[in-house]
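> I would like the atomic coordinates for the input below:
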Amino acid sequence: MKNQFKIRLYGILGMLGGLILFAGDMLFYYHADSTDFILNMAKSSDFKLKLSGISALLATWFYMLGLIHINDALKPTKPFIKNIIIGGFAGIFITYGIVHAEYVAIATSAKIALQNSLDVSSTIFLARDINTVLRLFAYPLFAILSIVFIVQVWQRKTLYSRKMILFFPLIPFLFQGIIANLLSGKLYTIIIGGFLNLILVLFFLASTINLWNSK
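Below is the predicted model of the structure:
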């Protein structure tokens, strides 16, 4: 019973990490009358930008606690393979937090540009370029993690059922463009603006349900 409680608790904490950073996304992006993310960031209040920056730290803590949940799902996995998966998730979770925090620089630059009638694209160029460089570190981690995780789950070397592959972040990520084309207005801002965190919420939700009665 103690182990079941631990699995459920840390799965929920992982979900909470995603929801916190999703809220941070909305503090940046959400505006009732616009789907222009950069313009919306420029119009955000200083208080919202501060809260969004703080959300990156809090969410990263909760995402890292979610690793305990994932680790329990990998009990049957060979230690070397388990370390690759846990290391991959850890690297991505940390990158999520750092990249989101760096968005404060983009938002602040856009805000300064709007307030001083400057060209927004030029003003945010450096901050955006740094953001892009930071993201590059996550791509090879994500590629390696995707291959190893999916193979292990498919070969039934974890506590997950094969259905869990459908909820691994790679699968919804591949459909992001299609989903974006189907949405508009507020729904577009909410789902696409927070997409990367929503797919992790979905992953932790599916994982928690999948392992709910695991021992």
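
> residues touching residue 153, list them.
For residue 153, the contact set (Cβ atoms under 8 Å, 6 or more residues apart in numbering) comprises 160, 162, 164, 165, 168. In short, each C-beta sits where N, CA and C put it, glycine included.

> Please, which helix or strand holds it?
Assigned by DSSP states H and E, residue 153 belongs to helix 138-154.

> returning to that earlier point: wait, which of the contacts of residue 153 is closest to residue 92?
The nearest member of these to residue 92, counting by Cβ to Cβ, is residue 168 at 11.8 Å.

> ok, the closest one touching residue 151?
No: using Cβ atoms under 8 Å, residue 168 is not in contact with residue 151, being 11.3 Å away.

> Comparing those two, which residue is more hemmed in?
Between residue 168 and residue 151, counting by other Cβ atoms under 10 Å, residue 168 is the more crowded of the two (20 against 12).

> Now do the phi/psi pair for that one.
phi -70, psi 140 (degrees, to the nearest 10).

> Following the one helix or strand residue 83 maps to in sequence, what is the next regular element?
If you go by DSSP H and E, residue 83 is part of helix 79-115. Sequence-wise, the next helix or strand downstream of helix 79-115 (DSSP H and E) is helix 120-123.

> Pull out the buried positions in whatever helix or strand comes next after that following helix.
Downstream of helix 120-123, the first helix or strand assigned by DSSP H and E is helix 125-136. With burial defined by 16 or more other Cβ atoms under 10 Å, the residues of helix 125-136 counted as buried are 127, 128, 131.
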